Each structure stands twice: as structure tokens, then as C-alpha cells.
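Colleague: Fold the following and give me the result.
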Amino acid sequence: MMDSRISPAALLLLFGLATVFAQTSAPGQACEVKNGTSCEECLRNVTCLWCITTKSCVTYPVKTILPPHALCPLNEARWGLCWMNFQTLIITLAVLGGILIIAFLVCLFCCCKCENFGSKRLEAKMEKRANKTRTKQEERRTEMKERHDDIRKKYGLSGQNPYSKFA
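Modeller: Numbering: from 1, shown residues only. Sure thing, here's the model as predicted:
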């Protein structure tokens with residue numbers, strides 16, 4: 001059985017395609033001329049807004065961003081698609097925008113955390129290597145000192161250094 005609900009992404013895609021492929025009217029033709037026609041006829045011009053309660057076609061008020069309630073209530077206003085009200089469109093766009101912002105922040109956080117984790121790992125590896133080198137160096141110093149002491153004993157130079165009192 002097929003699910004009859006439409007996902008928000010599909011809704012936005014349909015809205016975008018309808019807006020892109022909508023036919024615009026001639027520059028001199030106003031939306032108000034299409035009053036009393038159908039929603040589809042009104043919305044062929046992307047600058048028009050259809051109000052279901054008044055069955056009127058009005059020019060979209062671009063300066064106010066959202067159409068004022070006096071012009072047409074948001075749940076009765078149609079723009080771009082006749083089957084989707086303006087309120088649903090705004091809520092859908094807000095939710096998708098929020099999801100995109102959250103997804104971006106999560107990705108940013110994960111990338112930074114992984115980078116920090118990698119740098120800490122690298123620091124630990126370098127510190128371990130430095131400790132290993134330091135240990136080998138100390139072992140070599142001890143071996144050299146033992147060899148020098150053995151040589152001094154062999155040739156009878158193990159006594160006090162006559163020049164030590166000047167140092």
C-alpha cells in the first residue's frame with residue numbers, strides 16, 4: 001500500500017519546479033485583472049497571490065515579505081502552488097532550514113573533534129617516540145661512561161684527576 005503523505009523535500013522540489021516553470025504574464029498585465037478566475041489561472045504569474053476566502057488574485061506584497069493578514073490569512077493564501085497554503089510553505093521551509101543548520105553544525109563539530117582527536121593522537125605518538133629516543137640516549141651515555149671507566153682502570157688512571165682542584 002502506498003503512503004499518501006508527501007515528504008517536505010518533495011514538497012519543496014515541487015514548489016520550486018512550479019515556480020520556475022510558471023508562465024509570467026506580460027509586463028503590463030496586473031494580477032488584479034485575474035480576479036474571479038481560478039487559482040491556477042492566477043498563479044501562472046509568479047508575482048500573483050491567490051486568496052481562497054475572497055477568491056481574489058492580488059499582486060504579492062514584496063516589501064512586507066509575508067502577506068499581511070488584512071490582505072489574506074496565511075492559511076488561505078496560495079503562492080506558486082494551489083494545493084499548498086502559504087503557512088505550510090513557511091513552516092516547511094523553516095523546518096528544513098533548521099535541519100540544514102543543525103546538520104551543518106553537527107558536521108562541523110564532528111570534523112573539529114576528529115581533527116583534535118587526530119592531533120592528540122599524533123602528539124602522543126611523537127611524545128612516545130621522544131621518550132624512546134631519550135631512553136636510548138641515556139643508555140648509550142651509561143655504556144660510554146662504563147667503557148671509559150674500564151679504560152681508566154686498565155691504564156691506572158682511575159685515581160683522582162690532578163686537574164680537578166682547578167675546576
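Colleague: The strand or helix carrying residue 135: how far from the chain's middle?
Modeller: According to DSSP states H and E, residue 135 maps onto helix 86-154. When C-alpha coordinates are averaged (Cα atoms, centre = their mean, to the nearest Å), helix 86-154 and its chain have centres 24 Å apart.
Colleague: which strands and helices sit next to that helix?
Modeller: Secondary-structure packing of helix 86-154 (3 or more Cβ pairs under 8 Å, 6 or more residues apart in numbering; DSSP states H and E): helix 8-21, strand 77-78. Just so you know, the C-beta spots here come from the backbone N, C-alpha and C atoms, and that holds for glycine as well.
Colleague: And those, which one averages the lowest pLDDT?
Modeller: Across those, helix 8-21 has the smallest mean pLDDT, namely a mean of 55.
Colleague: What's the first helix or strand after that one?
Modeller: Next along the chain from helix 8-21, counting by DSSP H and E, comes helix 39-42.
Colleague: and that following helix, what other elements does it pack with?
Modeller: On the basis of 3+ Cβ pairs under 8 Å, 6+ apart, helix 39-42 makes packing contacts with strand 48-51.
Colleague: The strand it packs on pairs with which strands?
Modeller: strand 56-59 (antiparallel), strand 77-78 (antiparallel) (DSSP bridges).
Colleague: Please identify the deepest-packed of those strands.
Modeller: strand 77-78 (a mean of 22; mean count of other Cβ atoms under 10 Å).
Colleague: mind listing what the nearest residue to residue 86 once chain neighbours are set aside touches?
Modeller: For residue 86, ignoring the flanking residues on the chain, the nearest one in space by Cβ to Cβ, 6 or more residues apart in numbering is residue 77 at 4.0 Å. By Cβ atoms under 8 Å, 6 or more residues apart in numbering, the contact set of residue 77 is 49-52, 67, 85-87.
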